[in-house]
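> 3D, please:
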Amino acid sequence: MNAAKKIRPPVRTTFRHGDLRRALLQAGIELARAGGPQAVILREATRRAGVAPNAAYRHFSSHRDLLQAVRAASLASLALAIEAEIVRVRRRKSSPSEKARATLRAVGTGYLKFALAERGLFQTAFSTPDPVEDDVDVAKTGKSGLNPFELLSSALDLLVEAGVLPRERRPGAEYLAWSAVHGLAILIIEGPLNGASDKEIRSMSERVLLMVEKGL
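Below you'll find the model as predicted:
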């Protein structure tokens, strides 16, 4: 046997209805986690799932269909990471204004933590121009039923309710906050801050989040 020949997994034919789609999606997620959106290839997902390539087309008609499903799962994971930070800060007793400020910081903290811990999934979540702010697909939400953009919007609404953010300055605030935090994440992941130390990243993250809070 040629030692250089690749060993392929056995082709499975016993998937129940729905199982194959989940298997292909999970394979796509793992591909994205390791290599970002460019690594999400339908043929490779079928190979990892152990099925013939043609079997995938019953569930994903194209590479874009699989990528969109992986993107949705990535956005849901991001939402869950943000929600975990929000739950943590809300356990503390505080005034409405302190809780509102802490919630906004938690959204940014969860966003940055996920971006740095799951770089491939983070890049995949924003790999297409589809507007996440208008997308109500439940596949892209956390336990609250909100997607990442909606969690940010909710935090800003709390600032208004607590009297921290003037109501007249609320419109469009999502984009100001989002652009600052997302910009830092991209600079760290694939830009000139890629080689920054953990200490430098923590310091910059704290300063950006404070800048957003004070600047709105």
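> need the helix or strand of this protein with the lowest average pLDDT.
helix 53-56 (a mean of 80; mean pLDDT, DSSP states H and E).
> Okay, now the unreliable bits of the chain?
Under the criterion pLDDT under 70, the flagged ranges of the chain are 1-18, 93, 131-138.
> so after the longest helix anywhere in it, what's the next helix or strand?
Longest helix in the chain, counting residues (DSSP state H): helix 63-90. Next helix or strand after helix 63-90 toward the C-terminus (DSSP states H and E): helix 96-117.
> State the next helix or strand along the chain beyond that next one.
Helices and strands here follow DSSP H and E; after helix 96-117, the next one along the chain is helix 119-125.
> Pull the number of nearby residues for residue 39.
17 (other C-beta atoms under 10 Å). Placement of C-beta: from N, CA and C, glycine included.
> Not counting residues beside it along the chain, what's closest to it?
Nearest non-adjacent residue to residue 39, counting by C-beta to C-beta, 6 or more residues apart in numbering: residue 31, 4.5 Å away.
> Residue 81 now?
Sequence neighbours aside, residue 114 is the residue nearest to residue 81 in space, at 4.0 Å (criterion: C-beta to C-beta, 6+ apart).
> In this model residue 83 seems to touch that neighbour, though I could be wrong.
No. Using C-beta atoms under 8 Å, residue 114 is not in contact with residue 83; the gap is 11.0 Å.
> Name the residue in the two with the higher neighbour count.
When residue 114 and residue 83 are compared for neighbours, residue 114 comes out ahead with 24 against 20, by other C-beta under 10 Å.
> Relative to residue 80, how far out is the more buried one?
According to C-beta to C-beta, to the nearest Å, residue 114 stands 9 Å off from residue 80.
> Using CSV, list the CA coordinates for stretch 141-156.
Taking Å, rounded to 0.1, in the frame of the first residue of the first chain, the C-alpha atoms of stretch 141-156 are listed here in CSV:
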residue,chain,number,x,y,z
THR,A,141,-29.3,34.0,19.2
GLY,A,142,-28.4,33.1,22.7
LYS,A,143,-30.6,31.8,25.5
SER,A,144,-32.3,35.2,25.7
GLY,A,145,-33.5,35.0,22.1
LEU,A,146,-31.3,38.0,21.2
ASN,A,147,-28.4,38.1,18.7
PRO,A,148,-25.2,40.0,19.6
PHE,A,149,-26.4,43.3,18.0
GLU,A,150,-29.7,43.1,19.9
LEU,A,151,-27.8,42.4,23.2
LEU,A,152,-25.8,45.6,22.6
SER,A,153,-29.0,47.5,21.8
SER,A,154,-30.6,46.2,25.0
ALA,A,155,-27.6,47.4,27.0
LEU,A,156,-27.9,50.9,25.5
